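Q: A structural model of the following input is requested.
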Amino acid sequence: MDPSGGCPHAENARLLAQGAVTPVILPGEIEGMAVLGHDALRDFLTHPDVAKSPRHFTALADGRIPEGWPLLTFATVPGMTTADGADHRRLRTLVSSAFTARRVEELRPRVEAVTAGLLDGLAEAARSGDGVADLRRHYALPLPLGVICELLGVDQVHQDRLHHLSSKVVATDTEPAQAVAVNRELVDLLAAIAADKAATPGDDLISALIAARDEGGDRLSQPELLGTLVLMIIAGHETTLNLVTNAVRALCTHRDQLALVQEGRACWADVVEETLRWDSPVSYFPFRYPTRDLTVDGTLIPRGTPVLAGYSAAGRDTKAHGPDADRFDLTRTPTVKHLSLGHGAHYCLGAPLARMEAEIALEALFTRFPDLDLALPEHELTRHAGFVGNSVRALPVRPGA
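A: Sure thing, here's the model as predicted:
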């Protein structure tokens, strides 16, 4: 795996031509596997002999994973993404009420109001930038970051720093010493925010989690509290940030598809779902581990191997999505559901919120700026750092009048 990232799709196609499962070399020369094919990934994500807990990670148990390994947080952060069975259900239940369809719908007016303000900011940034503004920085980022921080009860003064630290955590090219420092600072900052909330609780998710921690028993430990906050901050904005960015790129480079929406022949939900399939916000997500030697689509994955879920590859798997799987097409009639938000017990808890935020953001953007276009050719955009997230680092656009 290339730690510096890049566009994954050409490499994904090459690997998929060889099979649905492939061996990979992770940073530090750690041997792993990636499941790329749609059907193989769907089955793997729900296999009873596949776990998320790092106690099943052989190289970690053997002491071969150094402290500064860039993927260590993904493997070891206490919380839902590294828990199985009853532990996973307990942790998920503690936060699930904040992401129900009803609760998300109650947030709609707030998301619409935030979006309107950000559009004004995007226009102002373009005016001061000779007609060009970075849509990612001025629009795609502050919307989901602001919403998740508001849900959690995180003061706005911390938001820029939390995003900076989050982006370093999800990057796979972070140097070991920096990786250690970044993770330490992120946990320390969230611990300080939690301490403030403990002193002055409010009507927010952090206060509710602290109450669960302080009730005693086995509801929530302090490490699980901080691990849950790490997950909520990162997953709560990085993926939606990439989703909105990728959707805007797709529409600007496929004007015929944009016209379908603007003419009412497709809807913004279609744009979100096709973007999730065609250019998944997450390329390869770490980790799952077989608890026994497991054969997946004819390939042996040894017990304890760290396995990447290849969401961007699965989204363009021609065996599942047809021979034109690499085409962005809002009129596509899916024969299978894409897997970009996961599948099974670990399906993305924030999926309803991410979908709503993206639909509102895209509709408002192209209603306000129907002629918005990229300020650089697609091939000149700098790709995301790392092979976990899938997007570009900046998206310069010309909003127009």
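Q: how close does Leu349 sit to Arg110?
A: Separation of Leu349 from Arg110 (C-beta to C-beta, to the nearest Å) stands at 19 Å. (Each C-beta comes from the backbone N, C-alpha and C, glycine too.)
Q: those two: which is more packed in?
A: Neighbours per residue, other C-beta atoms under 10 Å: of Leu349 and Arg110, the larger number sits with Leu349, 21 against 13.
Q: residue closest to the middle of this protein?
A: A centroid search over the chain (C-alpha atoms, centre = their mean) returns Thr239, at 2.9 Å, as the residue closest to the centre.
Q: so Asp87 is in which element?
A: helix 85-96 (DSSP states H and E).
Q: following that helix, which helix or strand comes up?
A: Next along from helix 85-96, by DSSP H and E: helix 101-106.
Q: ok, back up a step: now tell me what touches the helix holding Asp87 from outside.
A: For helix 85-96, the surrounding residues in contact (C-beta atoms under 8 Å, 6 or more residues apart in numbering) are 52, 79-80, 83, 205, 208-209, 212, 218-220, 224, 228, 232, 345-346, 349.
Q: picking up where we left off before, and the residue nearest to the centre of the chain, backbone torsions?
A: phi -70, psi -40 (degrees, to the nearest 10).
Q: residues contacting it?
A: Neighbour list for Thr239: Pro281, Val282, Cys348, Gly350, Ala354, Gly389 [criterion: C-beta under 8 Å, 6+ apart].
Q: I'd assumed Pro144 was in contact with the fifth one.
A: Spelled out, that is Ala354. Yes. Counting by C-beta atoms under 8 Å, Pro144 is a contact partner of Ala354 at 7.5 Å.
Q: need the residues touching each of the two.
A: Common neighbours of Ala354 and Pro144 (C-beta under 8 Å, 6+ apart) are Thr240.
Q: circling back: so among the contacts of Thr239, which ones count as buried?
A: Among these, those that count as buried by neighbour count (16 or more other C-beta atoms under 10 Å) are Pro281, Val282, Cys348, Gly350, Ala354, Gly389.
Q: which of those fall within helices?
A: Of the positions in those, Ala354 sit in helices, assigned by DSSP state H.
Q: now flag whichever of the buried ones among the contacts of Thr239 is closest to Asp256.
A: Using C-beta to C-beta, Pro281 is the member of those that sits closest to Asp256, with 23.4 Å.
Q: separation between that closest one and Asp373?
A: In terms of C-beta to C-beta, Pro281 sits 22 Å off from Asp373.
Q: biggest separation within the buried ones among the contacts of Thr239, which pair?
A: Using C-beta to C-beta, the buried ones among the contacts of Thr239 span at most 15.6 Å, a distance reached by Gly350 and Gly389.
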